[in-house]
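Visitor: any chance you can model this:
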Amino acid sequence: MSRAEVSQSEVAQAEVSQTEVARAVRGPSPLWSLGLLRSEVLITFRRWRTLALLGVLAAVPVLVGIAVKIETSDGASFGGGGGGGGGGAGPAFISQISNNGLFLVFTALAATLPFFLPMAVGVVAGDAIAGEASAGTLRYLLVAPAGRTRLLLAKYATVIAFCVAATLVVAVSALAVGALLFPVGDLTTISGTRITYLEGLGRALLIALVVAASLVGVAALGLFVSTLTSSGIAAMATTVGLLITIQILDQIPQLDALHPYFFSHHWLSFADLMREPVYWDDLVKNLGLQALYAAVFGSAAWARFTAKDITS
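Guide: From the prediction side, this is the model:
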(Lines give C-alpha, C1' and ligand atoms only; values in the text may rest on other atoms or scores of the structure.)
Protein backbone atom coordinates (compact mmCIF):
# COMPACT_ATOMS: atom_id res chain seq x y z
CA MET A 1 0.00 0.00 0.00
CA SER A 2 1.42 3.38 -0.98
CA ARG A 3 2.07 6.17 1.48
CA ALA A 4 -0.74 8.23 -0.10
CA GLU A 5 -3.24 5.38 0.37
CA VAL A 6 -2.18 4.94 4.01
CA SER A 7 -2.58 8.66 4.59
CA GLN A 8 -6.10 8.62 3.07
CA SER A 9 -7.04 5.63 5.23
CA GLU A 10 -5.86 7.40 8.39
CA VAL A 11 -7.82 10.51 7.43
CA ALA A 12 -10.97 8.44 6.84
CA GLN A 13 -10.58 6.71 10.23
CA ALA A 14 -10.07 10.09 11.92
CA GLU A 15 -13.26 11.43 10.31
CA VAL A 16 -15.20 8.37 11.51
CA SER A 17 -13.86 8.82 15.03
CA GLN A 18 -14.80 12.49 15.02
CA THR A 19 -18.31 11.59 13.83
CA GLU A 20 -18.71 9.04 16.62
CA VAL A 21 -17.51 11.55 19.21
CA ALA A 22 -19.91 14.17 17.84
CA ARG A 23 -22.81 11.70 18.04
CA ALA A 24 -21.88 10.83 21.60
CA VAL A 25 -21.82 14.51 22.54
CA ARG A 26 -25.13 15.23 20.84
CA GLY A 27 -26.78 12.24 22.47
CA PRO A 28 -29.55 10.08 21.00
CA SER A 29 -31.33 11.27 17.88
CA PRO A 30 -34.93 12.56 18.05
CA LEU A 31 -36.07 9.34 16.35
CA TRP A 32 -34.43 7.33 19.12
CA SER A 33 -36.27 9.46 21.69
CA LEU A 34 -39.56 8.79 19.91
CA GLY A 35 -38.72 5.09 19.99
CA LEU A 36 -38.16 5.31 23.74
CA LEU A 37 -41.51 7.05 24.19
CA ARG A 38 -43.26 4.49 21.99
CA SER A 39 -41.70 1.67 24.01
CA GLU A 40 -42.79 3.20 27.32
CA VAL A 41 -46.35 3.74 26.07
CA LEU A 42 -46.65 0.18 24.77
CA ILE A 43 -45.25 -1.31 27.98
CA THR A 44 -47.61 0.75 30.14
CA PHE A 45 -50.76 -0.03 28.16
CA ARG A 46 -49.94 -3.75 27.91
CA ARG A 47 -49.81 -4.20 31.67
CA TRP A 48 -52.73 -6.02 33.22
CA ARG A 49 -52.90 -3.39 35.95
CA THR A 50 -53.39 -0.63 33.38
CA LEU A 51 -56.03 -2.60 31.53
CA ALA A 52 -57.82 -3.31 34.82
CA LEU A 53 -57.84 0.40 35.69
CA LEU A 54 -59.27 1.27 32.29
CA GLY A 55 -61.87 -1.50 32.69
CA VAL A 56 -63.02 -0.08 36.04
CA LEU A 57 -63.26 3.40 34.53
CA ALA A 58 -65.30 2.08 31.61
CA ALA A 59 -67.68 0.35 34.04
CA VAL A 60 -68.59 3.55 35.91
CA PRO A 61 -70.76 5.02 33.10
CA VAL A 62 -72.45 1.65 32.67
CA LEU A 63 -73.44 1.56 36.34
CA VAL A 64 -74.59 5.19 36.32
CA GLY A 65 -76.62 4.65 33.15
CA ILE A 66 -78.31 1.53 34.49
CA ALA A 67 -79.10 3.26 37.80
CA VAL A 68 -80.70 6.22 36.02
CA LYS A 69 -82.62 3.90 33.68
CA ILE A 70 -84.05 1.91 36.59
CA GLU A 71 -84.90 5.06 38.54
CA THR A 72 -86.70 6.67 35.61
CA SER A 73 -88.39 3.55 34.28
CA ASP A 74 -91.73 4.71 35.76
CA GLY A 75 -91.48 8.10 34.04
CA ALA A 76 -90.23 10.02 37.10
CA SER A 77 -87.28 12.35 36.76
CA PHE A 78 -83.95 11.42 38.33
CA GLY A 79 -82.40 13.66 40.98
CA GLY A 80 -85.31 15.95 41.41
CA GLY A 81 -85.28 17.63 38.06
CA GLY A 82 -83.46 20.94 38.34
CA GLY A 83 -80.84 21.40 35.71
CA GLY A 84 -79.88 24.89 36.77
CA GLY A 85 -76.36 26.08 37.26
CA GLY A 86 -76.04 26.27 41.01
CA GLY A 87 -75.94 22.64 42.09
CA GLY A 88 -72.62 21.51 40.70
CA ALA A 89 -71.68 19.55 37.58
CA GLY A 90 -73.06 16.20 38.74
CA PRO A 91 -76.61 17.22 39.72
CA ALA A 92 -76.88 19.65 36.80
CA PHE A 93 -76.16 16.87 34.29
CA ILE A 94 -77.62 13.75 35.91
CA SER A 95 -81.16 15.12 35.90
CA GLN A 96 -80.95 15.51 32.11
CA ILE A 97 -79.74 11.99 31.23
CA SER A 98 -83.22 10.53 30.74
CA ASN A 99 -83.97 13.31 28.23
CA ASN A 100 -80.73 12.96 26.28
CA GLY A 101 -78.16 10.18 26.59
CA LEU A 102 -75.31 12.55 25.75
CA PHE A 103 -75.58 13.98 29.25
CA LEU A 104 -74.32 10.63 30.55
CA VAL A 105 -70.89 11.61 29.18
CA PHE A 106 -70.83 14.76 31.29
CA THR A 107 -72.23 12.96 34.34
CA ALA A 108 -69.71 10.11 34.09
CA LEU A 109 -66.79 12.54 33.85
CA ALA A 110 -68.15 14.48 36.85
CA ALA A 111 -68.51 11.21 38.80
CA THR A 112 -65.04 9.85 38.00
CA LEU A 113 -62.99 13.05 38.19
CA PRO A 114 -63.00 13.57 41.98
CA PHE A 115 -61.57 10.10 42.73
CA PHE A 116 -61.50 7.33 40.11
CA LEU A 117 -59.60 9.17 37.35
CA PRO A 118 -56.97 10.81 39.58
CA MET A 119 -56.51 7.56 41.52
CA ALA A 120 -55.79 5.68 38.30
CA VAL A 121 -53.37 8.41 37.16
CA GLY A 122 -51.72 8.39 40.59
CA VAL A 123 -51.13 4.64 40.36
CA VAL A 124 -49.54 4.88 36.92
CA ALA A 125 -47.47 7.98 37.78
CA GLY A 126 -46.33 6.63 41.14
CA ASP A 127 -45.08 3.45 39.51
CA ALA A 128 -43.27 5.23 36.66
CA ILE A 129 -39.78 5.43 38.23
CA ALA A 130 -40.19 3.57 41.51
CA GLY A 131 -41.63 0.55 39.72
CA GLU A 132 -38.53 0.29 37.52
CA ALA A 133 -36.31 0.62 40.58
CA SER A 134 -38.17 -2.07 42.54
CA ALA A 135 -38.04 -4.40 39.54
CA GLY A 136 -34.31 -3.80 39.13
CA THR A 137 -34.64 -2.50 35.57
CA LEU A 138 -33.90 1.20 36.13
CA ARG A 139 -30.13 0.77 35.86
CA TYR A 140 -30.48 -1.09 32.58
CA LEU A 141 -32.72 1.62 31.16
CA LEU A 142 -30.04 4.20 31.96
CA VAL A 143 -27.30 2.07 30.38
CA ALA A 144 -28.95 2.82 27.02
CA PRO A 145 -28.13 6.29 25.67
CA ALA A 146 -31.34 7.72 27.04
CA GLY A 147 -30.07 10.01 29.73
CA ARG A 148 -32.02 10.67 32.89
CA THR A 149 -33.79 13.75 31.53
CA ARG A 150 -34.98 11.97 28.38
CA LEU A 151 -36.17 8.98 30.39
CA LEU A 152 -38.04 11.20 32.85
CA LEU A 153 -39.69 13.12 30.01
CA ALA A 154 -40.69 9.85 28.34
CA LYS A 155 -42.19 8.60 31.60
CA TYR A 156 -44.15 11.82 32.12
CA ALA A 157 -45.38 11.86 28.51
CA THR A 158 -46.54 8.27 29.00
CA VAL A 159 -48.52 9.25 32.11
CA ILE A 160 -50.08 12.15 30.17
CA ALA A 161 -51.01 9.69 27.41
CA PHE A 162 -52.71 7.57 30.08
CA CYS A 163 -54.60 10.65 31.32
CA VAL A 164 -56.00 11.20 27.84
CA ALA A 165 -56.74 7.51 27.27
CA ALA A 166 -58.48 7.08 30.64
CA THR A 167 -60.66 10.15 30.09
CA LEU A 168 -61.61 9.06 26.58
CA VAL A 169 -62.45 5.55 27.84
CA VAL A 170 -64.95 7.07 30.28
CA ALA A 171 -66.38 9.38 27.62
CA VAL A 172 -66.71 6.71 24.92
CA SER A 173 -68.23 4.20 27.33
CA ALA A 174 -70.74 6.81 28.51
CA LEU A 175 -71.55 7.82 24.93
CA ALA A 176 -72.28 4.22 23.94
CA VAL A 177 -74.36 3.45 27.05
CA GLY A 178 -76.23 6.75 26.77
CA ALA A 179 -77.14 6.11 23.14
CA LEU A 180 -78.23 2.55 24.00
CA LEU A 181 -80.42 3.33 27.01
CA PHE A 182 -81.73 6.83 26.36
CA PRO A 183 -82.91 9.02 23.49
CA VAL A 184 -80.37 11.26 21.78
CA GLY A 185 -80.73 14.43 19.75
CA ASP A 186 -80.56 18.17 20.20
CA LEU A 187 -79.86 19.08 23.80
CA THR A 188 -80.43 21.92 26.21
CA THR A 189 -77.41 23.53 27.88
CA ILE A 190 -77.25 24.44 31.55
CA SER A 191 -78.13 27.98 30.53
CA GLY A 192 -81.35 26.79 28.86
CA THR A 193 -80.34 27.32 25.21
CA ARG A 194 -80.65 24.60 22.55
CA ILE A 195 -77.70 23.24 20.60
CA THR A 196 -77.52 20.49 17.98
CA TYR A 197 -76.42 16.96 18.79
CA LEU A 198 -73.31 17.43 16.65
CA GLU A 199 -72.33 20.53 18.59
CA GLY A 200 -73.01 18.60 21.77
CA LEU A 201 -70.58 15.91 20.65
CA GLY A 202 -67.99 18.59 20.00
CA ARG A 203 -68.44 19.99 23.48
CA ALA A 204 -68.26 16.49 24.94
CA LEU A 205 -64.87 15.99 23.25
CA LEU A 206 -63.67 19.38 24.48
CA ILE A 207 -64.82 18.57 28.01
CA ALA A 208 -62.97 15.24 27.88
CA LEU A 209 -59.77 17.02 26.85
CA VAL A 210 -60.20 19.59 29.63
CA VAL A 211 -60.68 16.77 32.16
CA ALA A 212 -57.51 15.10 30.87
CA ALA A 213 -55.64 18.41 31.20
CA SER A 214 -56.98 18.70 34.75
CA LEU A 215 -54.95 15.60 35.68
CA VAL A 216 -51.49 16.82 34.63
CA GLY A 217 -50.90 18.22 38.13
CA VAL A 218 -51.61 14.81 39.70
CA ALA A 219 -49.35 13.21 37.09
CA ALA A 220 -46.45 15.52 37.99
CA LEU A 221 -47.01 15.01 41.72
CA GLY A 222 -47.04 11.24 41.28
CA LEU A 223 -43.88 11.32 39.16
CA PHE A 224 -42.09 13.37 41.84
CA VAL A 225 -43.14 10.93 44.57
CA SER A 226 -41.95 8.09 42.33
CA THR A 227 -38.42 9.54 42.31
CA LEU A 228 -38.27 9.60 46.12
CA THR A 229 -38.47 5.85 46.71
CA SER A 230 -37.47 2.54 45.20
CA SER A 231 -40.78 0.89 46.09
CA GLY A 232 -43.50 1.10 43.46
CA ILE A 233 -46.23 0.17 45.93
CA ALA A 234 -45.09 2.86 48.38
CA ALA A 235 -45.03 5.49 45.64
CA MET A 236 -48.52 4.57 44.42
CA ALA A 237 -49.95 4.50 47.95
CA THR A 238 -48.34 7.83 48.83
CA THR A 239 -49.65 9.51 45.68
CA VAL A 240 -53.20 8.26 46.23
CA GLY A 241 -52.97 9.21 49.92
CA LEU A 242 -51.90 12.76 49.06
CA LEU A 243 -54.74 12.97 46.57
CA ILE A 244 -57.31 11.94 49.18
CA THR A 245 -55.81 14.32 51.75
CA ILE A 246 -56.00 17.30 49.39
CA GLN A 247 -59.60 16.42 48.52
CA ILE A 248 -60.49 16.39 52.21
CA LEU A 249 -58.70 19.67 52.89
CA ASP A 250 -60.58 21.21 49.96
CA GLN A 251 -63.85 20.52 51.80
CA ILE A 252 -62.92 22.12 55.13
CA PRO A 253 -64.55 25.58 55.40
CA GLN A 254 -61.86 26.88 57.77
CA LEU A 255 -59.28 26.48 54.98
CA ASP A 256 -61.30 28.48 52.50
CA ALA A 257 -58.39 30.86 51.83
CA LEU A 258 -56.25 27.92 50.67
CA HIS A 259 -58.88 26.19 48.52
CA PRO A 260 -58.08 28.04 45.25
CA TYR A 261 -54.50 26.69 45.44
CA PHE A 262 -55.46 23.02 45.68
CA PHE A 263 -55.14 21.32 42.29
CA SER A 264 -58.58 19.72 42.71
CA HIS A 265 -60.47 22.92 43.54
CA HIS A 266 -61.48 23.88 39.97
CA TRP A 267 -61.77 20.36 38.53
CA LEU A 268 -65.53 20.52 37.98
CA SER A 269 -65.28 23.85 36.17
CA PHE A 270 -65.56 21.87 32.92
CA ALA A 271 -69.34 22.15 33.43
CA ASP A 272 -69.01 25.78 32.30
CA LEU A 273 -68.38 24.49 28.78
CA MET A 274 -72.05 23.51 28.74
CA ARG A 275 -73.20 27.07 29.31
CA GLU A 276 -74.16 29.57 26.62
CA PRO A 277 -72.05 31.63 26.48
CA VAL A 278 -69.20 29.60 27.95
CA TYR A 279 -67.83 30.82 31.29
CA TRP A 280 -64.04 30.84 30.93
CA ASP A 281 -62.88 32.27 34.27
CA ASP A 282 -62.76 29.07 36.32
CA LEU A 283 -61.63 27.04 33.32
CA VAL A 284 -58.62 29.28 32.81
CA LYS A 285 -57.85 29.19 36.55
CA ASN A 286 -58.00 25.40 36.51
CA LEU A 287 -55.69 25.00 33.50
CA GLY A 288 -53.28 27.61 34.85
CA LEU A 289 -53.14 25.87 38.23
CA GLN A 290 -52.48 22.51 36.57
CA ALA A 291 -49.65 24.05 34.55
CA LEU A 292 -48.18 25.49 37.75
CA TYR A 293 -48.31 22.14 39.55
CA ALA A 294 -46.79 20.41 36.51
CA ALA A 295 -43.94 22.95 36.40
CA VAL A 296 -43.21 22.83 40.14
CA PHE A 297 -43.40 19.08 40.70
CA GLY A 298 -41.94 18.29 37.27
CA SER A 299 -38.90 20.41 38.13
CA ALA A 300 -38.68 18.79 41.56
CA ALA A 301 -38.82 15.34 39.96
CA TRP A 302 -36.07 16.30 37.50
CA ALA A 303 -33.85 17.72 40.27
CA ARG A 304 -34.31 14.61 42.39
CA PHE A 305 -33.93 12.06 39.60
CA THR A 306 -30.83 13.60 37.99
CA ALA A 307 -29.03 13.70 41.36
CA LYS A 308 -30.24 10.33 42.61
CA ASP A 309 -27.90 7.38 43.09
CA ILE A 310 -29.29 4.49 41.05
CA THR A 311 -28.59 1.24 42.88
CA SER A 312 -31.22 -1.02 41.35
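
Visitor: now Ile244. Nearest residue, chain neighbours left out?
Guide: Phe115 (8.0 Å; Cβ to Cβ, 6 or more residues apart in numbering). Heads up, the C-betas are built off the backbone N, CA and C, glycines and all.

Visitor: count the neighbours of the one you found for me.
Guide: 14 (other Cβ atoms under 10 Å).

Visitor: just checking, it touches Ile246?
Guide: No: under the criterion of Cβ atoms under 8 Å, Phe115 makes no contact with Ile246, lying 11.7 Å away.

Visitor: who touches Leu141 in this structure?
Guide: Glu132, Leu151 (Cβ atoms under 8 Å, 6 or more residues apart in numbering).

Visitor: all further residue positions should be reported with the first residue as 8.
Guide: Noted, 8 is the first residue going forward, which turns the last one into Leu148.

Visitor: which element is it on?
Guide: Assigned by DSSP states H and E, Leu148 belongs to helix 145-150.

Visitor: Phe270 too?
Guide: Residue-wise, Phe270 maps onto no helix or strand under DSSP H and E.

Visitor: that one: neighbour count?
Guide: 25.

Visitor: cool, the one 5 residues further on as well?
Guide: Leu275 has 20 neighbouring residues, counting by other Cβ under 10 Å.

Visitor: got it, and Ser237?
Guide: 21.

Visitor: what packs against the longest helix along the chain?
Guide: The single longest helix within the chain, with elements called by DSSP state H, is helix 155-188. The contact analysis (3 or more Cβ pairs under 8 Å, 6 or more residues apart in numbering; DSSP states H and E) places helix 155-188 against helix 37-53, helix 55-78, helix 110-119, helix 123-142, helix 145-150, helix 204-220, helix 223-234, helix 288-314.

Visitor: buried sites along the first one?
Guide: Which is helix 37-53. For helix 37-53, a neighbour-count test (16 or more other Cβ atoms under 10 Å) marks Ser40, Leu43, Leu44, Glu47, Val48, Thr51 as buried.

Visitor: and the residues you listed, which two are the farthest apart?
Guide: Ser40 and Thr51 (16.7 Å; Cβ to Cβ).

Visitor: list the contacts of the residue nearest to the spatial centre of the chain.
Guide: The chain has Cys170 as the residue nearest its centroid, 2.1 Å off, counting by Cα atoms, centre = their mean. By Cβ under 8 Å, 6+ apart, the contact set of Cys170 is Leu124, Val128, Ala219, Ala220, Leu222, Val223, Ala226.

Visitor: any low-confidence regions in this protein?
Guide: When residues are selected by pLDDT under 70, those of the chain lie in 8-40, 81-99, 150-153, 316-319.

Visitor: phi first, then psi, for Leu265.
Guide: phi -90, psi -20 (degrees, to the nearest 10).

Visitor: my guess is it meets Leu256, correct?
Guide: Yes: with contact defined as Cβ under 8 Å, Leu265 reaches Leu256; the gap is 7.3 Å.

Visitor: of the two, who's got more company?
Guide: Taking neighbours as other Cβ under 10 Å, Leu265 and Leu256 compare with Leu256 leading, 15 against 12.
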